[in-house]
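Engineer: only geometry, no sequence info:
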């Protein structure tokens, strides 16, 4: 009886994740549309620091790229067009930052200021086997015109939560520019019983701009099935992020999934959401930390053309007066078309 129960459980797990060892046919690499929502309510139930992020993105199919972007890509030193499969991506994002005590009309000057950032992104992604290069340019507006107060307080009214009182002290309007580069290496590991695959990802990258300037590096371990379908789920940077693409399931292998755990670190030269406006006087903190780390874990599952992913993030304190680490969750749904 115990043997039957054990076999049933194994069969259930295999049926849930559908784990053939390899694709039996040439797979199509189509365009992918993703919606990513990040919120501290998904993590620690708080409503402070990095309060909310929303991103809508479309990444093109393989080698579907505008000639102008291909011309740009051809002049980027780390992209090799003769060896790499190219994609282009376009996205619209909105993020909100708030201090810990939102009941104060005049926020605590030692806490982070209120801020919203609304921006558009253009991305070039080059993939060659187990290496993926990403160049992303973010351009938008920080300040009242970004609509942070409108989004947060109207949402609070809908769900019956008290409005934040200190938005009149938010960062001033300022155009925001951020140029991000990242190289991600994927090292396949041993295959375990039941066809369970493993791999280790290592990334190097950085950002330059008046919004954020930093250098970053990280490691991510994954275990599951069909790991070569993607380099990881989409996220809102500065978090370690996949390129927003994945290879959908086939008739022979319709489903895959994996657990992942990773650690990332950033050496921060500038963070507008703590340092304040670059060109205008504004609230700021005087004790921003230079080094910030993320510990993250999560699950991603795809079935045919749809991928769902959830990531739990523990981010270390970003300034000395911050009482506790930041904890938030990220949920994404991606559809290949």
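Structural biologist: That came through, no problem. Since the model is a prediction, treat every value here as computed from it, not as a measurement. Numbering: from 1, shown residues only.
Engineer: Okay, helices next: where are they in this protein?
Structural biologist: Using DSSP state H, the helices of the chain run over 2-17, 67-73, 148-159, 272-275.
Engineer: just how off-centre is the last one within its chain?
Structural biologist: What separates the centre of helix 272-275 from the centre of its chain is 20 Å, taken as CA atoms, centre = their mean, to the nearest Å.
Engineer: so what does that helix touch, helix or strand wise?
Structural biologist: When contacts are defined as 3 or more CB pairs under 8 Å, 6 or more residues apart in numbering; DSSP states H and E, helix 272-275 sits against strand 115-128. Backbone N, C-alpha and C define where each C-beta goes, glycine included.
Engineer: Buried residues, the strand it packs on. List them.
Structural biologist: For strand 115-128, the neighbour count (16 or more other CB atoms under 10 Å) marks 115, 116, 117, 118, 119, 121, 122, 123, 124, 125, 126, 127 as buried.
Engineer: Now pLDDT and distance to residue 234 too, for those, in JSON lines please.
Structural biologist: As requested, the buried residues of strand 115-128 are exported to JSON lines (pLDDT from 0 to 100; distance: CB to CB, whole Å):
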{"residue": "115", "pLDDT": "97", "distance to residue 234": "23"}
{"residue": "116", "pLDDT": "97", "distance to residue 234": "21"}
{"residue": "117", "pLDDT": "98", "distance to residue 234": "18"}
{"residue": "118", "pLDDT": "98", "distance to residue 234": "18"}
{"residue": "119", "pLDDT": "98", "distance to residue 234": "16"}
{"residue": "121", "pLDDT": "97", "distance to residue 234": "11"}
{"residue": "122", "pLDDT": "95", "distance to residue 234": "15"}
{"residue": "123", "pLDDT": "93", "distance to residue 234": "11"}
{"residue": "124", "pLDDT": "92", "distance to residue 234": "16"}
{"residue": "125", "pLDDT": "92", "distance to residue 234": "12"}
{"residue": "126", "pLDDT": "90", "distance to residue 234": "17"}
{"residue": "127", "pLDDT": "91", "distance to residue 234": "15"}
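Engineer: what's the neighbour count on residue 220?
Structural biologist: Residues near residue 220, counting by other CB atoms under 10 Å, number 23.
Engineer: Ok, residue 298 next?
Structural biologist: 23.
Engineer: can you check residue 320 too?
Structural biologist: With other CB under 10 Å as criterion, residue 320 counts 11.
Engineer: Any idea what residue 90 is bridged to?
Structural biologist: With DSSP bridges as the criterion, residue 90 is bridged to residue 58, residue 122.
Engineer: With residue 327 instead?
Structural biologist: residue 314.
Engineer: Could you tell me the least trusted of the helices of the chain?
Structural biologist: Lowest mean pLDDT of these: helix 2-17, a mean of 38.
Engineer: isn't residue 56 right up against residue 35?
Structural biologist: Yes. With contacts counted by CB atoms under 8 Å, residue 56 reaches residue 35, the gap being 5.6 Å.
Engineer: What's opposite the closest residue to residue 300 other than its chain neighbours in the beta bridge?
Structural biologist: In space, and not counting its chain neighbours, residue 300 is closest to residue 309: 3.9 Å by CB to CB, 6 or more residues apart in numbering. Per DSSP bridges, the residues bridged to residue 309 are residue 300, residue 332.
Engineer: Tell me the spacing between residue 309 and residue 224.
Structural biologist: From residue 309 over to residue 224 the distance is 12 Å, taken as CB to CB, to the nearest Å.
Engineer: so what's in contact with the two at the same time?
Structural biologist: Residues touching both residue 309 and residue 224 by CB atoms under 8 Å, 6 or more residues apart in numbering: residue 300.
Engineer: for residue 321, what are its contacts?
Structural biologist: When contacts are counted by CB under 8 Å, 6+ apart, residue 321 touches 110, 111, 285, 287.
Engineer: so who does the most centrally placed residue in the chain touch?
Structural biologist: Nearest to the geometric centre of the chain sits residue 235, at 1.3 Å (CA atoms, centre = their mean). Residues in contact with residue 235, defined by CB under 8 Å, 6+ apart, are 36, 38, 241, 242, 311, 330, 332.
Engineer: among the residues you listed, which are in strands?
Structural biologist: Assigned to strands by DSSP state E, the following of those qualify: 36, 38, 311, 330, 332.
Engineer: Would you mind giving those as a markdown table with neighbour count added?
Structural biologist: What follows is the ones in strands among the contacts of residue 235, written out as a markdown table (neighbours: other CB atoms under 10 Å):
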| residue | neighbour count |
| --- | --- |
| 36 | 25 |
| 38 | 23 |
| 311 | 28 |
| 330 | 25 |
| 332 | 25 |
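Engineer: So what's the residue count around residue 164?
Structural biologist: When neighbours are counted by other CB under 10 Å, residue 164 registers 24.
Engineer: err, residue 176, not the other one
Structural biologist: Counted with other CB under 10 Å, the neighbours of residue 176 add up to 20.
Engineer: Tell me who's in contact with it.
Structural biologist: 117, 119, 138, 139, 140, 141, 142, 209, 210, 211, 272.
Engineer: Around residue 78, count how many other residues there are.
Structural biologist: The burial count for residue 78: 11, using other CB under 10 Å.
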